[in-house]
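Visitor: Test case, fold it:
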Amino acid sequence: MKSKNLSEKILRSVKSKGFKYIELPSVIEANHIVQRSGENFRKFIFSFTDQNGSELCLRPDLTIVSCLRYLENNLKTKEKIFYSGQAYRKSNNKKDSIIRDQIGFEIIGSKDEKKDDKEIIDTSLKSVKNLKYSAGTLTIGNVEIFNLLISKLDIPKRWKLRLSRHFWRETYFNDLLKRLETNSDVDPTIVEIDKKRYLKMTKENKSSIIAGRSINEILKRFDKKIKDPRRPSKGRNVSKIIREFLKIKCPVDKAAEELNKFFKKNKINLAVDQKYFPLSNKRVAKLNVIFSSAFGRQLEYYTGMVFKIDIKLKNKIKNIFNGGRYDQLISDLGSKKKVPAVGAAINLK
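Guide: Sure thing, here's the model as predicted:
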């Protein structure tokens, strides 16, 4: 099927589910992307400077542009929107296209999260019917469950923040786990020097200011840090729990059962109900539906349910749909309030 005909069929399919079509700008301020994704992301965008000295870029991602629209128009109510167009992003792989033809749809500003999650997946499934494929897989994950697990582990707060923040950077995340196992981020010689400074400062005037902080504040922070669990055996155990969690993969109707079995085995005070997942059928049409605890590491802004649809076309597996929940994205872009949002996109290429 030609790309244009396919695009038109999918657009009609999405519109039939009650989504409203909107136009999105092709050029945005580069700082919106860099501030959200970090300076490292700059090498992937096509940027230039306008006559006023402002740095602009071609949109690398339609979801961010859609969320910027919601924010800049000061919208407050629920929106069900869809859009189409091209996104432009450089790749480390020379074989990858820098132009991505996409159709996306979102529900923004609605607090009925579970219903919305299911509607986004249902809309994706209806769109997939326009494709001729023999088999496929719908993979569902949930970043929120991972973050809940991290919050329950017996590790310092700074380690919890690191692991949650870098979950999407798989290689760096694995390096963090190795550091956690060995305490390689701590120099014992420096710790001993700090202890001597600590003892010396306990005898000084607690209200004195050093580098903008009172001695009393410095002592409290060091006291808290030194009491953090630092034994290598504890770090190894926590790393083992995380690695074991990320191996959980099963039919979606067994997800709650497998997760709760894992939580009980590792004495973690968490429990998940099967209703937590947007689908509970292990098969939909030609698609096997599975849960994967490790899935959801493609984009930094996902915060909850995530999913993808891979289908078999001409004996090749093609990734067609990607989506999920990103409740933090609009506030990260500048909103003073948290705005719930969930969406998906199909890459027509």
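
Visitor: Let me see the ranges of the strands in the stretch 151-300 of the chain.
Guide: 209-210, 213-214, 249-251, 283-284, 287-292 (DSSP state E, counting those that start in this stretch).

Visitor: May I see those arranged in CSV, with mean neighbour count, distance to Lys234 and mean pLDDT as well?
Guide: The C-beta positions use only the backbone N, C-alpha and C, and glycine is treated the same way. Converted to CSV, the strands of the stretch 151-300 of the chain look like this (neighbours: other CB atoms under 10 Å; distance: least, CB to CB, whole Å; pLDDT from 0 to 100):
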stretch, mean neighbour count, distance to Lys234, mean pLDDT
strand 209-210, 11, 32, 79
strand 213-214, 13, 29, 79
strand 249-251, 15, 27, 97
strand 283-284, 14, 42, 92
strand 287-292, 21, 28, 96
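
Visitor: And the ones you listed: which comes nearest Ile10?
Guide: With CB to CB, the closest approach to Ile10 among these belongs to strand 287-292: 16.6 Å.

Visitor: Tell me how far the closest residue to Leu313 other than its chain neighbours lies from Asp310.
Guide: What sits nearest to Leu313 in space, not counting adjacent residues and going by CB to CB, 6 or more residues apart in numbering, is Tyr133, at 5.4 Å. The gap separating Tyr133 from Asp310 is 10 Å, by CB to CB, to the nearest Å.

Visitor: Report the residue spans of the stretch 51-200 of the chain with pLDDT below the cut-off.
Guide: 183-194 (pLDDT under 70).

Visitor: can you give me the helices for it?
Guide: 62-72, 113-128, 143-152, 157-165, 170-182, 188-201 (DSSP state H, counting those that start in this stretch).

Visitor: Could you dump the ones you listed into TSV and include mean neighbour count and distance to Val306?
Guide: What follows is the helices of the stretch 51-200 of the chain, written out as TSV (neighbours: other CB atoms under 10 Å; distance: least, CB to CB, whole Å):
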stretch	mean neighbour count	distance to Val306
helix 62-72	21	13
helix 113-128	20	10
helix 143-152	18	6
helix 157-165	15	15
helix 170-182	15	14
helix 188-201	11	39
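
Visitor: So which of those is nearest Ile248?
Guide: helix 143-152 (9.7 Å).
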